[in-house]
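**Q** quick one, what's the 3D model for this:
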Amino acid sequence: MAVENKQDGIIEELVRRIEEGIYDERLPAGLVLAEEFNVNFKTMNRAIIRMAEMGLVTRQAKKGTFIVKDKTCLEDTLIELLFVGSSDPGTHPFYEQMWQGILDSLDGTIYRLVLNRLDENTENGGLLQICRQLTPSAGRILMGTSNSQQIKLLKKQKSPFVLAGCMSSDPAVFSVYADPTKSITQAIRYLRKKGVSDIAYIGITRDNGDFLFDLEKFHAYLAAIQEEGELDSSLVEHAPPFAGNGYPAMKKILQAKQPQAVLVAYDHLCSGVYQAIEEAGLKIGDDVIVIGIDGTNPVLTPPLTSISIDRYEVGKCAGELLLDIIRTPSRRRNCTKILQTEFKP
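**A** Predicted coordinates for the structure are as follows:
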């Protein structure tokens, strides 16, 4: 059988055969279909991959391509997003783009996203208490925390889950995040070349189980600082990721010693950092260089230099990974997908 519009035509014809009951349980082997449709195997394989992305079939290694029956249970079409944050993910300054990436990964599939807002620790950040009231769903995405107890509970469920934007201490947990290590090292080396010696740090410096990703920022700072000298602890201030923590953290550092530069783990803390520097009679950029880490680009004067994280791509990759696990649960795959960050002075 010749098909003029190749992939689209193949999909249309296979769907017709499924609807008419010609194929009931699974599709014939790809090589058999390729020969019948007079196309090469790669073209046929891409068409079947697209059908899997549409939720029409599932592929199981060494077993074949199985037809997805009509979804009679609502839970079979839901993806639950468990989220810890100070606002809804769609309006959150850091997670908004990640949220959009997840939504776009589900576009054109049978799946839709349901939000489960988890209680946040408003003093120290992270998860206040474990969420046990889960929505029956085909899969889950955990965003805004790497809490080991929450992860342990999710691992006991029958539905797969992916950790988005965070890293886990459990190497068997599927996760997608951006590694800031290289960019932080580049930023500090850049400052060194400019003759800057005293470089401060504001952000998470100890972990309560929720901030493994954020702690990686601090570890990268420590390693880069110690390339050419000793750490000055008076230039380091612990600050959970709430906007109001930037001002007192910077003020405390300035009371101990005036740095020539400061790395701030969260861009939304930088408004307070700017305020404390200016109140001390110092000029941002000349007296103290400020570099943020996450690239949310708050409106500040002078403009903030920030290490950029592609949060949209993190969310999109997390959603695509979860869909792949749902559709082909037996396939072997890497548990962790690590994206890179970018520093442009």
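
**Q** residues in contact with the helix-or-strand element of the chain with minimal mean pLDDT?
**A** One helix or strand of the chain scores below all others by mean pLDDT, DSSP states H and E: strand 57-60, with a mean of 83. With contact meaning C-beta atoms under 8 Å, 6 or more residues apart in numbering, strand 57-60 is reached by 26-27, 48-49, 51-52, 65-68, 327-331. All C-beta atoms are positioned from the backbone trio N, CA, C, and that covers glycine.

**Q** redo that, cut-off 6 Å
**A** Outside strand 57-60, the residues that touch it by C-beta atoms under 6 Å, 6 or more residues apart in numbering are 51-52, 65-68, 327-328, 330.

**Q** extract the CA atoms of that strand and return them as CSV.
**A** The C-alpha coordinates for strand 57-60 follow below in CSV (Å, rounded to 0.1, in the frame of the first residue of the first chain):
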residue,chain,number,x,y,z
VAL,A,57,-0.6,3.0,21.7
THR,A,58,2.1,1.9,24.2
ARG,A,59,5.4,0.3,23.2
GLN,A,60,7.0,-2.4,25.3
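
**Q** what residues of the helix or strand containing M44 count as buried?
**A** In the assignment (DSSP states H and E), M44 maps to helix 41-53. Neighbour counts over helix 41-53 (16 or more other C-beta atoms under 10 Å) mark 43-45, 47-48, 50-53 as buried.

**Q** run through the strands of the chain in chain order.
**A** Under the criterion DSSP state E, strands of the chain are mapped to 57-60, 64-67, 78-83, 112-117, 139-143, 161-164, 175-179, 199-203, 236-238, 261-264, 289-294, 305-308, 336-340.

**Q** may I see these organised as TSV, with distance to H92 added?
**A** Output for these, formatted as TSV (distance: least, C-beta to C-beta, whole Å):
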stretch	distance to H92
strand 57-60	33
strand 64-67	38
strand 78-83	9
strand 112-117	11
strand 139-143	10
strand 161-164	13
strand 175-179	16
strand 199-203	18
strand 236-238	22
strand 261-264	18
strand 289-294	12
strand 305-308	17
strand 336-340	19
